[in-house]
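Colleague: Fold the stuff below for me.
(2 chains)
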Amino acid sequence: MTKSLLSINNLSVEARSRTEVVQAVNGASLEIGEGEIVGLIGESGSGKTTLIRSILDLHERNVQVVSGSMIFKDIECYNFEKEVNTLSIMRGKNIGMVFQSPRASLNPLMTIGSQLREVLKKHCPELGREEVRSRVIRVLEEMGLDSERVRRSYPHQLSGGMCQRASIAIAIVIQPELIVTDECTSALDVTSQAEVVNVLKKLTILHQTAMLFVTHDILLASELCHRLIVMQNGVIVEGGETSEVLANPTHPYTRGLISAVPRWG
Amino acid sequence: MKNYLLALRKTSLWNRILLFSGFGLISMAVFAPVLPLADPNGQDLESSLYPPAFLAGGSIKHVLGTDLLGRDVFSRLIFGTRLTVVIAVSAVVLGAFFGSILGVIAGFKGGKIDALISRITEAQLALPFILLAISFIVARGQSLGTLIFVLALVGWAQYVRIIRAETLAIREKGFVLGLRVSGCSDFRIIFQHIVPNIFGTILSLATLEVGTMILAESALSFLGIGVPPPGVSWGSDLASGKDFITMAWWLVTFPGISIVLTVLFVNTAGDSLRSHFDSRKRIF
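Modeller: I've put the predicted structure just below:
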């Protein structure tokens, strides 16, 4: 593994309702290296989204981290015991996120260009008008989009795959070191999935951006990720190099996930 | 100017009709004092209860007839536009402004703030309108300002409930979460992104409330606590004409038709405006 970018240690998260407390994540520890793509896989309800929301400090009021710490680029950005929390400062600037639903993750009343400009103005206020424009065009072209058309388009004027690539553009326009993608291909058809995966691959190579790729599609994860982490019922049950996990799964749950992949014939 | 004329030529016939109706209504309200009309409060007891000019016994001097005190109904209708529009629009704007802000805050913040705003709203809705209006007007004295305040006080709670529900739905959308991930402040998310997305709902609700406000004002006039004399409004004319409905139908019919047409106009214009400004309706 390359130099560590994000390290999560013994993270536990609880979701509280009036009648019960659910342990959504239980003692999770993982590490992501610089420029590395890590796949987080597991079935729905296994705690993947709760774990990544903890990284971005985006929990609802009833969901709380109850233990653990996080280190980003050798700096302790979260420690429950020491009450350290600088995650909100890192949001957007150091860590970007791509969501599941391509259309819902874009403001329907704003053009793609204005949404990109807004992020740039927030994080790079020193940039001039022309510089902002050229960065918007560059990032859209990197996504394989027709920059002139797309930057003037509203989300409803684009296809699902184009919207998702526009969302990725918004997440990476200020070049964060880490991108977290929350099942960003599950709402797309197979062709659009391939487009998005290719864009993500190209992106990590081009900018050396690390990625935490959350999915329940083990095939897709195996195509994209350097390492895989398997989660079940809020617990990380297995982790390792992608080829190693797929060839020799040690946990019965991982074996079950692999055997559940549909095959020809 | 050239661009506006070009846009007007491109717009549909229905929108053009709405635009000219609105322009006519506002012009009537603004220019009423300079129009060659009879004094709306000028009494002429010899011309009491004249029917409209097109009926037997009517006079061309009083196109839509006269009331019990011989005041010209047409003149009162034109002058009535001023107060009616001012009262209804001011009450709606005030109620929509405060109600929408509270609704957005309640929906976006949630928790204790939401509970507090929701309970105050429910308390307001539990109070009967007439009781509230009588208490305020008796305590503060009958004036135009008090009347607008009372109507706004009655209207704001509707906005809170609907806008809160809308905000709750939009808050859960991916783009709001995305904005939080991008590091946007709550203030920016609310006013730059959520409010434009719920503006259509605010506009629809406000246009519906214009009609409610005109009718509420006429209800207060009916009780004698509406527009203070010598002010002229359609509501007060409707209320004073009700006693003569069997012998002088024109006293209630013309203000009634004016109210119906205005409410219809405001609702239709609201729908057109909402469609016009909604970028989701643009295709390519």
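Colleague: Please count neighbours and contacts with C-alpha atoms only from this point.
Modeller: Fine.
Colleague: okay, now the nearest residue to A:Gly35 once chain neighbours are set aside: neighbour count?
Modeller: Spatial nearest neighbour of A:Gly35, chain neighbours left out: A:Ala210 (3.9 Å); criterion: Cα to Cα, 6 or more residues apart in numbering or on different chains. The number of residues packed near A:Ala210 is 24, by other Cα atoms under 10 Å in any protein chain shown.
Colleague: repeat for A:Leu220
Modeller: For A:Leu220, using other Cα under 10 Å, the count is 16.
Colleague: next one: A:Leu206
Modeller: Count around A:Leu206 with other Cα under 10 Å applied: 11.
Colleague: starting at the chain centroid, how far to the host helix or strand of it?
Modeller: For A:Leu206, the host element (DSSP states H and E) is helix A:190-207. Its chain's C-alpha centre and that of helix A:190-207 lie 13 Å apart, by Cα atoms, centre = their mean, to the nearest Å.
Colleague: which other residues reach that helix?
Modeller: A:35-37, A:142-144, A:160-161, A:164-165, A:175, A:185-186, A:209-211, A:224 (Cα atoms under 8 Å, 6 or more residues apart in numbering or on different chains).
Colleague: any low-confidence regions in the stretch 101-250 of chain A?
Modeller: Of all residues in the stretch 101-250 of chain A, none has pLDDT under 70.
Colleague: Give me the contacts around the helix or strand following the helix holding A:Leu206.
Modeller: Scanning forward in sequence from helix A:190-207 by DSSP H and E, the next helix or strand is strand A:210-215. Strand A:210-215 is touched from outside by A:32-42, A:48-49, A:177-184, A:186, A:204, A:221, A:225, with contacts defined as Cα under 8 Å, 6+ apart.
Colleague: Likewise for stretch B:24-43?
Modeller: B:69-73, B:75-76, B:78-82, B:85, B:230, B:232.
Colleague: can you pull out the strands in chain B?
Modeller: Read by DSSP state E, chain B holds no strands at all.
Colleague: helices and strands of it: which one has the lowest mean pLDDT?
Modeller: Using mean pLDDT, DSSP states H and E, helix B:2-10 stands out as the lowest-scoring helix or strand of chain B, at a mean of 60.
Colleague: Which residues are in contact with the residue nearest to A:Cys225 when sequence neighbours are not counted?
Modeller: Spatial nearest neighbour of A:Cys225, excluding adjacent residues (Cα to Cα, 6+ apart): A:Ile37 at 4.9 Å. Each residue near A:Ile37 by Cα under 8 Å, 6+ apart is listed here: A:Thr204, A:Ala210, A:Met211, A:Leu212, A:Phe213, A:Leu224, A:Cys225, A:His226, A:Arg227.
Colleague: out of those residues, who has the most neighbours?
Modeller: The most crowded member of these, judged by other Cα under 10 Å, is A:Met211 (28 neighbours).
Colleague: Distance check, that one against A:Asn107.
Modeller: 24 Å (Cα to Cα, to the nearest Å).
Colleague: now A:Glu36
Modeller: For A:Glu36 relative to A:Asn107 (Cα to Cα), the value is 30 Å.
Colleague: can you check B:Phe79 too?
Modeller: Taking Cα to Cα as the measure, B:Phe79 and A:Asn107 are separated by 45 Å.
Colleague: From the contacts of helix A:190-207, keep the buried residues only.
Modeller: Buried residues within the contacts of helix A:190-207, counting neighbours by 16 or more other Cα atoms under 10 Å in any protein chain shown: A:35-37, A:142-144, A:160-161, A:164-165, A:175, A:185, A:209-211, A:224.
Colleague: Give me the buried positions along stretch B:37-47.
Modeller: B:Leu37, B:Ala38, B:Pro40, B:Asn41, B:Gln43, B:Ser47.
Colleague: Show me which of the residues you listed is closest to B:Leu168.
Modeller: Nearest to B:Leu168 among these: B:Pro40, at 49.5 Å, using Cα to Cα.
Colleague: check whether the lengthiest helix in chain B contacts chain A.
Modeller: Ordering each helix of chain B by length in residues (DSSP state H) puts helix B:73-109 first. No - against chain A, helix B:73-109 shows no contacts by Cα under 8 Å from any Cα of the partner chain, the least distance being 10.2 Å.
Colleague: Packing partners of that helix?
Modeller: helix B:13-31, helix B:111-126, helix B:144-171, helix B:195-222, helix B:234-241, helix B:250-277 (3 or more Cα pairs under 8 Å, 6 or more residues apart in numbering or on different chains; DSSP states H and E).
Colleague: what inclination does it have with respect to helix B:144-171?
Modeller: 40 degrees (axes from the mean of the first three to the mean of the last three Cα atoms, to 10 degrees).
Colleague: So for B:Leu238, what's the nearest residue that isn't a sequence neighbour?
Modeller: In space, B:Leu238 is closest to B:Val252, 4.9 Å off (Cα to Cα, 6+ apart).
Colleague: Quick check: that neighbour touching B:Asp237?
Modeller: Yes - using Cα atoms under 8 Å, B:Val252 is in contact with B:Asp237, at 7.1 Å.
Colleague: Can you show me the helices along chain A?
Modeller: A:48-55, A:87-90, A:112-123, A:129-142, A:147-150, A:160-172, A:190-207, A:218-224, A:242-247, A:252-259.
Colleague: highest average neighbour count across the ones you listed?
Modeller: helix A:160-172 (a mean of 26; mean count of other Cα atoms under 10 Å in any protein chain shown).
Colleague: How about residues contacting that one?
Modeller: A:92, A:96-99, A:101-103, A:105-106, A:112, A:115-116, A:119, A:139-140, A:143, A:145, A:155, A:179, A:184, A:188, A:192-193, A:195-196, A:199, B:182.
Colleague: rerun at 6 Å
Modeller: Contact with helix A:160-172 is made by A:Gly96, A:Met97, A:Val98, A:Pro102, A:Leu116, A:Val139, A:Ser192, as judged by Cα atoms under 6 Å, 6 or more residues apart in numbering or on different chains.
Colleague: mind checking how far the last one is from A:Ala169?
Modeller: Using Cα to Cα, one obtains 16 Å as the distance from A:Ser192 to A:Ala169.
Colleague: Repeat that for the fifth one.
Modeller: A:Leu116 sits 8 Å away from A:Ala169, taking Cα to Cα as the criterion.
Colleague: What separation do you get for the residue lying closest to A:Ile32 once chain neighbours are set aside and B:Ala248?
Modeller: In space, and not counting its chain neighbours, A:Ile32 is closest to A:Leu6: 5.2 Å by Cα to Cα, 6+ apart. With distances taken as Cα to Cα, A:Leu6 is found 84 Å from B:Ala248.
Colleague: Give me the number of neighbouring residues for A:Thr19.
Modeller: A:Thr19, neighbours per other Cα under 10 Å, totals 5.
Colleague: Ramachandran angles for it?
Modeller: When read as degrees, to the nearest 10, the backbone of A:Thr19 gives phi -100, psi -20.
Colleague: Distance-wise, check it relative to chain B.
Modeller: Distance of A:Thr19 to chain B, given as Cα to the nearest Cα, to the nearest Å: 18 Å.
Colleague: State the pLDDT value of that residue.
Modeller: Listed pLDDT for A:Thr19 reads 85.
Colleague: before we move on, what about the one 4 residues further on?
Modeller: Confidence at A:Gln23, expressed as pLDDT, is 88.
Colleague: Quick one: residues contacting the spatially closest residue to it that is not a sequence neighbour.
Modeller: Spatial nearest neighbour of A:Gln23, excluding adjacent residues (Cα to Cα, 6+ apart): A:Glu14 at 4.7 Å. By Cα under 6 Å, 6+ apart, the contact set of A:Glu14 is A:Val22, A:Gln23, A:Ala24, A:Val63, A:Gln64.
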